[in-house]
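Visitor: Please work out how this folds:
(2 chains)
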Amino acid sequence: MSEYAIELRNQLVGLFGIVERNAYLTKRYFLWDLAFMVWTIANTLTIVFIARAEHLPAARENTLATQLLVGATIWAFLGIIFEFMTETVAWERWEGTIEYTFMAPLSRFVHLFGQGAYAVLYGLIRATILFFAVAAFIGIHAPQANYGAAFVLLAVASLSFIGVGIMTSVLPLVSPEKGAQLGFVAQGVMLVVSGVYYSVSVMPVWMQWIAKVSPATYVLRGDRNSIIHGTGLAWADVWPLLIIAVLATPLGLAIFRVGERYAKRHGKLKRSG
Amino acid sequence: MSTFAPSTIDLASPPDRQAPAVEVRDLRKTFKRRDRKAGRFARKRPWPALADVTFTIARGECVAILGQNGSGKSTLVRLLSTLLINDGGEARIFGHDAFKEESTIRRLVNRVSVEASFFKKMSAAENLSYAARFYGMTPRQTRAGVPEILTKVGFPAERRGEAMESLSRGMQQKVALARALLTSPVLLLLDEPTTGLDPRSKLEVQDFIREVRKEHDATILLCTHDMAEAEALADRIGLLDRGRLLFLEPVEDVKRRFGVETLEQAFFAATGREFVAEEGEDEDDEYREVFA
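Guide: Coordinates of the predicted model:
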């Protein structure tokens, strides 16, 4: 086997290791995850009930409820991705394993991508449960829904979200005390400019320009169309997501490398106590 | 090599057989630190953790670096582990630059630190498997290798499925040793590996370090403030004091040089101070207070 083949094999085994570890932790914290799921469902219900409070005709109420539910589901999905990505550093620092992971011969891309891949897998399962649980509770009807297209678009958008998540995962490396919370600021800002519960057109023009570079804009628009109107996968939603993914991942890695060098220079790449 | 050795060490840049295991020249590292007496809002000042440290370790040698807490031992280990970037000087491991050839160095080095550091909810076997994956060990390799290495370090194999948080400190440290050895490093960095262990566990770990050296042909850098441990395990002993390496030579030469009977007396002769391992006064404190 050539040295490149061995290296590739080792990196793939390392990637599996990251996913495997997260699966172990999900298993260990399953009851906590269940409690968190209940909280997410309750939180989503508080948003979707707004549609009922409007006293609209039944069809309009159903559309508004679906629109809100898609927004809340994407919010929850993104929340999982950003949480996992910022925890790449924060969790390992808290457990004390950070030094062992960062001195291991695993490429940083594989390390971060592995974390992102598990987050996407886990997030997709949670988002699916959340969507159908709330839809059943509220009584949302989506007879035309094209769930397949909605799911595929979310999966495509995940590549961009991982890239953006890699950028935020550097924050706990630079600021061990507050970095993880800043990741959620990035998530909130991304969703507010992307029309999470409303159309992008209601925002000021400058925000609409920012919306164009947010991957959440395209997944929210595409998934709403697929679930409410039954449209298929629209190329107009897919290509921006692919371009953002291609740009965001190397940019995220470059930012992480700068952060890692900063942490190594200032002695911040270590356990928390 | 034993059955738990991974394939990763045979990669593109194997250790240079001619070069010393470790070659450190004028190595410097400075942190910025706030003077506590000057108050919380005082300006941070440069604080040299390592100042122009120079030494060489031959392949297969065991060298102990003695020093009080805060002397720079952990900084030295973290520099050689690619976890810190130097401010000056150089460090080469088997001929490879520790700061420019990080990926090569990472395949050659592993370490055991004073804190066992594991995912506490995961079991010993799961933690070891997780660490081993980074070095290219597949599930099939770890299924056989993990019980074998745990047995070697004296950890009861039937407890490998228990969560780390339910294990004693001594047991956790044995798993930490197993984690380092599972990847068959050619340079093993031991940073206070027996601190906090009960006397029996301490002796077991020391016996195991001797065995590793004999069986695995590993080079060992042991950083400790335990003088008896250093004397029992090392070929040469160095003294690191306030970031400066005062000497590095066989223990008998040290005693002869200062005309003393013990290493404690040698420390006093070299520094004019008593050797006291002040608890919690290491270079991590500035950082750790954030989390207090």
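Visitor: Go through the helix ranked longest in chain A and flag the buried ones.
Guide: Longest helix in chain A, counting residues (DSSP state H): helix A:58-95. Residues of helix A:58-95 classed as buried: A:61-95 (neighbour count, 16 or more other Cβ atoms under 10 Å in any protein chain shown). Bear in mind the C-beta positions are built from the backbone N, C-alpha and C, glycine included.
Visitor: other SSEs contacting that helix?
Guide: Contact here means 3 or more Cβ pairs under 8 Å, 6 or more residues apart in numbering or on different chains; DSSP states H and E; on that basis helix A:58-95 packs against helix A:30-53, helix A:98-102, helix A:108-138, helix A:147-169, helix A:171-174, helix A:179-192, helix A:215-224.
Visitor: what angle separates the first one from helix A:58-95?
Guide: Meaning helix A:30-53. Inter-element angle recorded for helix A:30-53 and helix A:58-95: 150 degrees (by axes from the mean of the first three to the mean of the last three Cα atoms, to 10 degrees).
Visitor: Quick one: distance of helix A:30-53 to the chain centre.
Guide: In terms of Cα atoms, centre = their mean, to the nearest Å, the centre of helix A:30-53 is set 17 Å apart from its chain centre.
Visitor: cool, and the third one?
Guide: The chain centre lies 7 Å from the centre of helix A:108-138; the measure is Cα atoms, centre = their mean.
Visitor: Do me a favour and average the pLDDT over it.
Guide: Here helix A:108-138 scores 95 as its mean pLDDT.
Visitor: does chain B sit close to that helix?
Guide: No: counting by Cβ under 8 Å from any Cβ of the partner chain, chain B has no neighbours in helix A:108-138; the shortest distance is 8.6 Å.
Visitor: and residue B:146, what is it in contact with?
Guide: Applying Cβ atoms under 8 Å, 6 or more residues apart in numbering or on different chains to residue B:146 gives the contacts B:4, B:125, B:128-129, B:132, B:160, B:178, B:182.
Visitor: Name the residues of stretch A:144-164 that come out as buried.
Guide: Burial within stretch A:144-164, assessed by neighbour count using 16+ other Cβ under 10 Å, is assigned to A:145-146, A:149-154, A:156-164.
Visitor: Residue B:252 - how many residues pack around it?
Guide: Taking other Cβ atoms under 10 Å in any protein chain shown as the neighbour definition, residue B:252 ends up with a count of 9.
Visitor: Next: residue A:32.
Guide: Using other Cβ under 10 Å, residue A:32 has 10 other residues around it.
Visitor: Apart from its neighbours in sequence, what residue is nearest residue B:47?
Guide: Once its chain neighbours are removed from consideration, residue B:47 has its nearest residue in residue B:33; the separation is 4.0 Å (Cβ to Cβ, 6 or more residues apart in numbering or on different chains).
Visitor: tell me the SS of that neighbour?
Guide: Assigned with DSSP: H, G, I helix; E, B strand; the rest coil, residue B:33 falls in the strand class.
Visitor: what residues are up against the nearest residue to residue B:49 once chain neighbours are set aside?
Guide: Leaving out its chain neighbours, the residue that sits closest to residue B:49 by Cβ to Cβ, 6+ apart is residue B:75, at 4.2 Å. Applying Cβ under 8 Å, 6+ apart, we find residue B:75 in contact with A:267, B:29, B:49-50, B:84, B:243, B:283.
Visitor: picking up where we left off before, is it true that the residue nearest to residue B:47 touches residue B:49?
Guide: No: no contact is recorded between residue B:33 and residue B:49 when judged using Cβ atoms under 8 Å, the distance being 9.1 Å.
Visitor: So these two - more neighbours on which side?
Guide: The residue with the greater number of neighbours, taking residue B:33 and residue B:49 and applying other Cβ under 10 Å, is residue B:49; the counts read 25 against 16.
Visitor: Show me what the strand or helix carrying the more buried one is in contact with.
Guide: Element membership for residue B:49 (DSSP states H and E) is strand B:44-57. Residues outside strand B:44-57 that contact it (Cβ under 8 Å, 6+ apart) are B:20-35, B:63, B:72, B:75-76, B:79, B:88-89, B:219, B:221, B:238, B:240, B:242-245, B:248, B:283.
Visitor: Which positions within that strand qualify as buried?
Guide: Within strand B:44-57, the residues that qualify as buried by neighbour count (16+ other Cβ under 10 Å) are B:47-51, B:53, B:55, B:57.
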